[in-house]
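S.K.: Next input, structure requested:
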Amino acid sequence: MKTAFLERLHRRRVALALLLTGPMFACAALINLPDPTLDETIGKTDATADTAQADGFTELDGDIADGQSTEDTAPITCPGVDLQTDKANCGRCLHDCSAGSCEKGVCTLLTTTAEMPAGLFAHGNRLFIALAGLGGIVECPTSGCTKPTVVTKELDVGNTEPFAITGNNDNIYWANYYESGGSSGVYRTPYDGGKSVHLGGALDHAGANPQGITLEGTTVHVTTDNLSSPFSVPQAGGTVKAYRTDAGTNAVDEIVAVGGHVFWSYYEEIWDHVCTSTASCTDKLFVRQDSGSNSLATDGTSLYFMSYYDGVLNRCGITDCSAPQVLFTDKTVKVSGLAVNGNTIVITQYNTYDEATNTYAVDGKVKKCTLVGTTATCVDIATGLGRPYGPHIANGSVFWSVIDGNKPNNLDSPGRVMKAPL
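M.R.: Okay, here's the model as predicted:
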């Protein structure tokens, strides 16, 4: 029996101490699922598409963002094209989802029947997806696909549950939530299709269940669902180390690295892990808010965080958070993920759960916020979703996963991978 880990993460954030278990099946069949109800204003006209183009995005491997020219001041136009439905110009000229579908300016790149998409990472025009229900990492073009290519072919898909994923110039790194025998671990997989390497063997504690991952220097850092300490392991492989020696049974949620600091969220707290050498590291409480677990993101110079309960988006410098800047407040937002690039912030929002009937509404949202000074102005760019999460910004687009169906906590849940122009 495998643990329905997303249910535990979600229930913690709504202060329900439930632990659900259930059978989880991995299936490789892929089908088309109904498109969501999305914001009517996205991709409404060519003119609005031009103004939606965001500045300051870092292109991967020299690629030009979909729908942008080589000159920031001369955006590409496409008169006469319906940006709401045209798959080659979805939401903005040349914003391509030609191998997927386009509805109201938002792309559906991939649909699955029982493979539950989790973390995403874009490398150039290649999108790598952790399919937790399939038990492997797959690849699609950023324009979409009907059947993705399995990257981790040598692994036993029946005994792996990849969840979080990140990468650098040479490899992707991913957290394996479950492994045969109850252990778990971190893997390195090269982009060229070479063999995946299990870094440092299993984590020090069986059942640690890593669920968040980030890179800092030459080290991989992961958070765990069952232990109160993150772990680190060299990118080249080696000894797995726990941040804290008093690791208990409480979960650590999200983790990001910036400027030599590694920040991780632990219920209402955010902690800062700093190493002055490989043998000298310290952990200190960075900020505490009595408002539930935090989603984290960084723009390379600051830390952004948003609590599940209070709907407040905050920003701090990486050395001091005694007076967080409040950028945006909306008490209705139950955040499931953050992404930041330049002056653009993306928020994914949980769908509503009815405990009495054990059902989920189809009302998840994705918001785009534009930051000017210390104020973020936010609009919905996608609505009527199942459970969106894991936003990832690359090449002028934001990508995210969606869990569909009425049991979004099991690995055999259907899902989608989507993107929208920024």
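S.K.: Low-confidence ranges, the chain, go.
M.R.: Applying pLDDT under 70 to the chain flags residues 1-75, 156-159, 178-184, 201-209, 226-227, 245-251, 278, 406-411.
S.K.: and residue 99, how many neighbours?
M.R.: Residues within reach of residue 99, counting by other Cβ atoms under 10 Å, total 16. No exception for glycine: its C-beta is placed from N, CA and C like everyone else's.
S.K.: buried residues in the helix or strand where residue 283 lies?
M.R.: Counting by DSSP states H and E, the element that carries residue 283 is strand 280-288. Neighbour-count burial for strand 280-288, with 16 or more other Cβ atoms under 10 Å as criterion, is recorded at 286-287.
S.K.: Run me through the strand neighbours of it, direction for each.
M.R.: Applying DSSP bridges to the sheet, strand 280-288 is found paired with strand 269-277 (antiparallel).
S.K.: got the buried residues for the partner strand?
M.R.: 269-273, 275.
S.K.: same check, this time on stretch 366-373
M.R.: Result for stretch 366-373 [16+ other Cβ under 10 Å]: buried residues 366-371.
S.K.: Can you give me the distance of residue 379 to residue 167?
M.R.: 30 Å (Cβ to Cβ, to the nearest Å).
S.K.: So which of those two has more stuff around it?
M.R.: Shown here are residue 379 and residue 167; by other Cβ under 10 Å, residue 167 has more neighbours (19 against 12).
S.K.: I figured the more buried one was touching residue 121, is that so?
M.R.: Yes. Counting by Cβ atoms under 8 Å, residue 167 touches residue 121, with 4.9 Å between them.
S.K.: Spell out which residues are contacts of both of these two.
M.R.: residue 128 (Cβ atoms under 8 Å, 6 or more residues apart in numbering).
S.K.: Would you convert the buried residues of strand 269-277 into a markdown table that also reports distance to residue 151?
M.R.: Converted to a markdown table, the buried residues of strand 269-277 look like this (distance: Cβ to Cβ, whole Å):
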| residue | distance to residue 151 |
| --- | --- |
| 269 | 35 |
| 270 | 33 |
| 271 | 32 |
| 272 | 33 |
| 273 | 30 |
| 275 | 31 |
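S.K.: which one of those is nearest residue 149?
M.R.: Minimum distance to residue 149 across these is 35.4 Å, recorded for residue 273 (Cβ to Cβ).
S.K.: Spatially nearest residue to the closest one (excluding sequence neighbours)?
M.R.: Nearest non-adjacent residue to residue 273, counting by Cβ to Cβ, 6 or more residues apart in numbering: residue 262, 4.2 Å away.
S.K.: Check residue 353 too.
M.R.: What sits nearest to residue 353 in space, not counting adjacent residues and going by Cβ to Cβ, 6+ apart, is residue 360, at 5.4 Å.
S.K.: same question, residue 174
M.R.: residue 165 is the one closest to residue 174 (Cβ to Cβ, 6+ apart), at 4.3 Å.
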